[in-house]
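A.B. asks: Provided below for reference: sequence and predicted model.
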Amino acid sequence: MSEKPKYEVTVTTESFFIPEQSNTEQSRYFFAYRIRIQNTGTIRAQLLSRHWVITDANEKVEQVRGEGVVGEFPNLNPGEYFEYTSAASIETPVGLMEGSYKMRASDGVEFDAEISQFTLSVPRVLH
């Protein structure tokens, strides 16, 4: 039987196209995304910063770095989670996002929580 990892955070994502804030004639496609950050390790961990890589269908890449998420620095005990919603704008009807959160465990160890790649897509554009 294997032991549960000490430093582990699981990130789940969901994205939504926001047509009322988009302007397709001007190649501006606006998406919201919901994130759930869950401490699946065995030690308390706090989110310090974020790093996003956003790529549109023309391979234009934007990197976003900053402290916390939506103005907060969630500090999660094992099993606890934090959810938030944010948004991104790209120039094509389809794009990709991925990234990581820098975390600090209660023992001072810093580690990255990976955010797996997910799709931003206008409905009915992808099959």
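C.D. replies: Okay, I see it.

A.B. asks: how far away is the closest residue to residue 76 other than its chain neighbours from residue 99?
C.D. replies: In this structure, residue 76 finds its nearest non-sequential neighbour in residue 39, 3.9 Å apart by C-beta to C-beta, 6 or more residues apart in numbering. Backbone N, C-alpha and C define where each C-beta goes, glycine included. Applying C-beta to C-beta, to the nearest Å, the value for residue 39 to residue 99 is 18 Å.

A.B. asks: who's more crowded, the two?
C.D. replies: Applying other C-beta atoms under 10 Å to residue 39 and residue 99 shows that residue 39 carries more neighbours, namely 26 against 19.

A.B. asks: do I have it right that residue 56 meets residue 93?
C.D. replies: No. Look at residue 56 against residue 93 with C-beta atoms under 8 Å: they stay out of range, at 9.0 Å.

A.B. asks: picking that back up, now the residue nearest to residue 76, which residues is it bridged with?
C.D. replies: Beta-bridge partners for residue 39, by DSSP bridges, are residue 9.

A.B. asks: wait, what's in contact with it?
C.D. replies: 8, 9, 45, 76, 77, 78, 79, 80, 81 (C-beta atoms under 8 Å, 6 or more residues apart in numbering).
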